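1. What would the 3D arrangement of this be:
(4 chains)
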There are 2 protein chains.
Amino acid sequence: MSCSKILQEKGYRLTPQRIMVLDALHSVDQHISAEEIFEKVRARYSYANISTIYRTLELLKELGLVSEIDLGDGRIRYHSAEKGHHHHLICSKCGNVIDLEEHILFPLKEILLNDYEFEADLKHLAIFGLCENCRNVK
Amino acid sequence: MSCSKILQEKGYRLTPQRIMVLDALHSVDQHISAEEIFEKVRARYSYANISTIYRTLELLKELGLVSEIDLGDGRIRYHSAEKGHHHHLICSKCGNVIDLEEHILFPLKEILLNDYEFEADLKHLAIFGLCENCRNVK
DNA sequence: TTAAATGCAAACGCTTTGCAATTGA
DNA sequence: TCAATTGCAAAGCGTTTGCATTTAA
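-> Alright, predicted model coming up:
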């Protein structure tokens, strides 16, 4: 079911601003920051306001329609839940981001559940380190 | 070798402020925020200034003497490198932090190195999710 | 019609920076 | 002595909030 439908079913209003935030989220494959969403929305509707963007993202987060990730640059990034989970290897030196398939972390998830009774929310994990290039340059 | 010695050897001045920041870092077992370090330092020297704390932490980070972790509450926390590595399971609901032994992530580190040529810096990883209590309450 | 949502402006919390004064080596 | 370091104040940045106005249902 579409995000718009879910919002309406839960009794939230489907405002143009919310639609445009959802469009922005769906228009990219990677994660996108609030500021970037704001730019995309503002290109279509110049009166757009960043606090509405944040409030919409907060709502979508509560409903589980988007997930957050911190790529270490001091701003939160967002990703439509519909697009599935994946993880990121972030090079501390060059900033390059390598996507990691979800299943890589399944064994870890198992261990945490069995040994620690901890249900890890491994939707979009960020792992920092050195990428192939930067390891060799070093 | 002690942090103080390392600072001096590298040609950095061993100021009272830097000594007090190191003391603060060594006085706790867990991670500590810049603000908390500031409070500890200020208790000893009331003219202490938070920008000096940040500048000292920046320096210690560059020298690899402290590592950072983001526990998801919007502030960076610091930990003396001397105290070794460990990881954290953070409950998204109650905020409880469970320490995780370092070796749990060795297999993952291996895979990332072999399959992705990525040298993961798994010093202090933060994994979010639900702790035992909160899973059951839900 | 009316509670929910928005726009605006201001505040917030953590962190960084410019600059003059101080100080460790 | 003198470059490195500090203190101070102010700014920077991403994010949140209070409140009057607008609007989807």
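2. What residues does chain A have near chain B?
-> Chain A comes close to chain B at residues A:70, A:72, A:89, A:91-92, A:98, A:100, A:104-105, A:107-108, A:111-112, A:116-122, A:125, A:127-132, A:135, as judged by Cβ under 8 Å from any Cβ of the partner chain. The way it works is simple: take the backbone N, C-alpha and C, and place the C-beta from them, glycine included.
3. do that again at 7 Å, thanks
-> Contact residues, chain A versus chain B (Cβ under 7 Å from any Cβ of the partner chain): A:70, A:89, A:92, A:98, A:104, A:107-108, A:111-112, A:116-121, A:127-132, A:135.
4. And these, which of them are buried?
-> Using 16 or more other Cβ atoms under 10 Å in any protein chain shown as the burial test, these include A:70, A:89, A:98, A:104, A:108, A:111-112, A:116, A:118-121, A:127-131 as buried.
5. And the helix ranked longest in chain A, what's buried?
-> Using DSSP state H, we find that the single longest helix of chain A is helix A:50-62. For helix A:50-62, a neighbour-count test (16+ other Cβ under 10 Å) marks A:52-53, A:56-57, A:59-60 as buried.
6. Can you give the contact residues for it?
-> Helix A:50-62 is contacted by residues A:12, A:17-18, A:21, A:34, A:37-38, A:41, A:66, A:68, A:78 when judged by Cβ atoms under 7 Å, 6 or more residues apart in numbering or on different chains.
7. Give me the subset of those residues that lies in helices.
-> Secondary structure defined by DSSP H assigns A:17-18, A:21, A:34, A:37-38, A:41 of these to helices.
8. Tell me the confidence at the residue of chain A found nearest DNA strand D?
-> With Cβ to the nearest atom of the strand as the measure, residue A:51 is the residue of chain A nearest to DNA strand D, at 3.1 Å. The model reports residue A:51 with a pLDDT of 98.
9. State the distance from it to DNA strand C.
-> 4 Å (Cβ to the nearest atom of the strand, to the nearest Å).
10. and chain A, which residues reach DNA strand C?
-> Within chain A, the residues that sit near DNA strand C (Cβ under 7 Å from any atom of the strand) are A:12-13, A:15, A:17-18, A:45, A:47-49, A:51-52, A:55-56.
11. do that again at 10 Å, thanks
-> Residues of chain A lying near DNA strand C by Cβ under 10 Å from any atom of the strand: A:7-8, A:10-21, A:38, A:41-42, A:45-56, A:58-59, A:74.
12. Using ChimeraX, define a selection of the buried residues within those residues.
-> With 16+ other Cβ under 10 Å as the criterion, this ChimeraX line picks the buried residues out of these:
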select /A:7,17,18,19,20,21,38,41,48,52,53,56,59
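13. Am I right that residue A:129 is in a strand?
-> Yes. The assignment for residue A:129 is a strand, going by DSSP: H, G, I helix; E, B strand; the rest coil.
14. give me the low-pLDDT residue ranges for chain A?
-> Applying pLDDT under 70 to chain A picks out residues A:138.
15. domain ranges for it?
-> With domains defined by automatic domain parsing, chain A comprises A:3-82, A:86-136.
16. that older thread, from the contacts of helix A:50-62, which single one is nearest residue B:2?
-> Using Cβ to Cβ, residue A:68 comes nearest to residue B:2 of the contacts of helix A:50-62, at 39.4 Å.
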